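> task: produce atomic coordinates for the following.
(one chain, ligands or ions: 1)
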Amino acid sequence: GAPALEILSVSKHFRGLKALDDISLSVAAAQIRGIVGPNGSGKTTLFNVISGFYKPTGGEVRIDGRPMTNARSYRLAQAGVARTFQNLRLFPAMTVRENVLVALDQTRTRSIWRYAIWQPGVWRHDRALRRQADTILERYGLTDFGDALPGALPYGIQRRVEIARAMAREPRLLLLDEPAAGLNGDEVRQLGEIVRSIRDSGVTVVLIEHNMGLVMSLCEHVTVLASGRIIADGTPDEVATAPQVIEAYLGD
Ligand code: ADP
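Numbers count the residues shown, from 1 in each chain. Predicted coordinates:
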């Protein structure tokens, strides 16, 4: 079949700055791909192009073989793309369960009549939806935190809620932006297990990550960016020993 994700000669310029400069990469289905590189190398810009937040200056994006270059975020969500953010974007005044409920509610198809007739917030009391949310909470080890507000929880749990919320959309391609940032060693290990189980369920995972231990142990394949270009691409061992990678990091 087609790769889960293809980036073909993608560029993104901000005025004179080439944040992405003719990038091409391809991610096979149900793989974990790491995107690494020094600060300012274009990693987040790449995610923003893939998830429809930025229009690329040039090039093409394909999801499961389908052209998605200038698709809006909601179209990409329909095509099975979900992402998390470096700075968590949970709803602070909603419980963990409600954060997942919102994602579930946005995902399912509903008739226009339901929108017209039902009161806002009715999803909070929808039994089937709540059962679905509880299944997701259980899958991500969040059962004990369903009634808590995210802000009251350890950072590692909040990160897990954000992943659970993205997975509630049943994506085929999951983009994780620095999922290990701010986590302690135990939390990083738990994160690794969660990401592996997501991959094992058939979802393709692309992650931006600075934690090299996690990248090395988790990813089948790593792409290294520097100044908007790919400077190395291969297995974790291949890229870790590439002289141009070592040089790029020394300059960071
Ligand atoms: P990374 O995620 O690898 O740290 P980014 O993709 O955030 O790098 O940024 C790459 C370059 O693009 C940086 O020089 C950054 O300042 C620039 N950049 C990113 N987004 C914008 C924007 N919206 N407007 C102008 N410049 C931007």
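
> which residues of this protein fall in strands?
For the chain, applying DSSP state E gives strands covering 5-14, 17-27, 32-36, 58-63, 66-67, 81-83, 173-177, 204-208, 221-226, 229-234.

> show me what the fourth one is packed up against.
For strand 58-63, the contact count by 3 or more C-beta pairs under 8 Å, 6 or more residues apart in numbering; DSSP states H and E identifies strand 5-14, strand 17-27 as packing neighbours. Bear in mind the C-beta positions are built from the backbone N, C-alpha and C, glycine included.

> off-centre distance for stretch 237-249?
Taking C-alpha atoms, centre = their mean, to the nearest Å, the mean C-alpha location of stretch 237-249 is offset from the chain mean by 25 Å.

> got the buried residues for that stretch?
By neighbour count with 16 or more other C-beta atoms under 10 Å, stretch 237-249 contains the buried residues 239-240, 242, 245, 248.

> can you tell me if that stretch touches the ligand.
No. Contact check for stretch 237-249 against the ligand, using C-beta under 6 Å from any ligand atom: none in range, with a minimum separation of 11.4 Å.

> circling back: and the buried residues of stretch 237-249 as a markdown table, adding pLDDT?
Below are the buried residues of stretch 237-249 laid out as a markdown table (pLDDT from 0 to 100):
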| residue | pLDDT |
| --- | --- |
| 239 | 92 |
| 240 | 88 |
| 242 | 87 |
| 245 | 86 |
| 248 | 82 |
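
> out of the residues you listed, which comes closest to the ligand?
Minimum distance to the ligand across the buried residues of stretch 237-249 is 11.4 Å, recorded for residue 248 (C-beta to the nearest ligand atom).

> how close does the nearest residue to that closest one once chain neighbours are set aside get to the ligand?
Counting by C-beta to C-beta, 6 or more residues apart in numbering, the nearest residue to residue 248 once its immediate chain neighbours are dropped is residue 226, at 4.1 Å. When distances are taken as C-beta to the nearest ligand atom, to the nearest Å, residue 226 and the ligand turn out to be 9 Å apart.

> I'd guessed residue 226 sits against residue 43; true?
No. Taking C-beta atoms under 8 Å as the contact criterion, residue 226 and residue 43 are not neighbours in contact, 10.3 Å apart.

> so which of the buried residues of stretch 237-249 belong to helices?
Here DSSP state H is the test, and the buried residues of stretch 237-249 give 239-240, 245, 248 as lying in helices.

> farthest pair in those?
Distance extremes for these: the farthest pair is 240 and 248 at 12.2 Å, using C-beta to C-beta.

> okay if I get the strands of the chain as CSV plus mean pLDDT?
Below are the strands of the chain laid out as CSV (pLDDT from 0 to 100):
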stretch, mean pLDDT
strand 5-14, 98
strand 17-27, 97
strand 32-36, 97
strand 58-63, 97
strand 66-67, 94
strand 81-83, 94
strand 173-177, 97
strand 204-208, 98
strand 221-226, 96
strand 229-234, 96
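
> turn these into CSV, including mean neighbour count and distance to residue 91.
Listed next are the strands of the chain as CSV, based on neighbours: other C-beta atoms under 10 Å; distance: least, C-beta to C-beta, whole Å:
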stretch, mean neighbour count, distance to residue 91
strand 5-14, 18, 28
strand 17-27, 18, 30
strand 32-36, 24, 27
strand 58-63, 18, 27
strand 66-67, 12, 31
strand 81-83, 25, 16
strand 173-177, 24, 18
strand 204-208, 24, 23
strand 221-226, 23, 32
strand 229-234, 18, 36
